[in-house]
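In: Need coordinates for the following:
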Amino acid sequence: MKSMEEMIKAAQDAAQSIQKQMEEAQDKLDQIEVEGQSGGGLVKVRASAKGRIIGLSIDDSLIVPQDKQMLEDLVIAAFNDAREKADLASNEEMGKMTSGLPLPAGFKMPF
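Out: Just a heads-up that it's a prediction; the model follows:
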């Protein structure tokens, strides 16, 4: 049987390894881009899988003063679409990273 010191050292090494993997996964999530759309593609939002908004594109045909409320609604819808896709990409990526870890059922990582 291993000594208590050896077991503690092994646990610390494992924790450091997991922490490094989590940091790498977080960095990777910020590199994954998704695009949300609304209005048949007239409004587009690009975001990272971490939810950072990268870009916004509004078709020139929508820039009409009388349609301001509609444009605002379309931007909100595009942001929400991008956020949903970012969540899916994030969950998929984190699922890959945690698939080999012996985590209890239902355990949620802090993201």
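
In: where does the helix or strand encompassing Lys28 sit relative to the chain's centre, distance-wise?
Out: Applying DSSP states H and E as the criterion places Lys28 in helix 4-31. Its chain's C-alpha centre and that of helix 4-31 lie 20 Å apart, by C-alpha atoms, centre = their mean, to the nearest Å.

In: and that helix, what other elements does it pack with?
Out: Helices and strands touching helix 4-31, by 3 or more C-beta pairs under 8 Å, 6 or more residues apart in numbering; DSSP states H and E, are strand 43-48, helix 68-98. Using the backbone N, CA and C atoms, a C-beta is placed for each residue, glycine as well.

In: Direction-wise, compare it with strand 43-48 and give the angle.
Out: Interaxial angle, helix 4-31 versus strand 43-48 (axes from the mean of the first three to the mean of the last three C-alpha atoms, to 10 degrees): 160 degrees.

In: For helix 4-31, buried residues please.
Out: Within helix 4-31, the residues scored as buried using 16 or more other C-beta atoms under 10 Å are Met22, Ala25, Gln26, Lys28, Leu29.

In: next one: stretch 45-57
Out: By 16+ other C-beta under 10 Å, the buried positions in stretch 45-57 come out as Val45, Arg46, Ala47, Ser48, Ala49, Lys50.

In: And these, which is closest to Val64?
Out: Of all these, Val45 has the smallest distance to Val64: 20.1 Å, by C-beta to C-beta.

In: can you put the buried residues of stretch 45-57 in JSON lines and add distance to Met4?
Out: Conversion of these to JSON lines gives the following (distance: C-beta to C-beta, whole Å):
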{"residue": "Val45", "distance to Met4": "53"}
{"residue": "Arg46", "distance to Met4": "52"}
{"residue": "Ala47", "distance to Met4": "47"}
{"residue": "Ser48", "distance to Met4": "43"}
{"residue": "Ala49", "distance to Met4": "41"}
{"residue": "Lys50", "distance to Met4": "39"}
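
In: Nice, that's everything, thank you.
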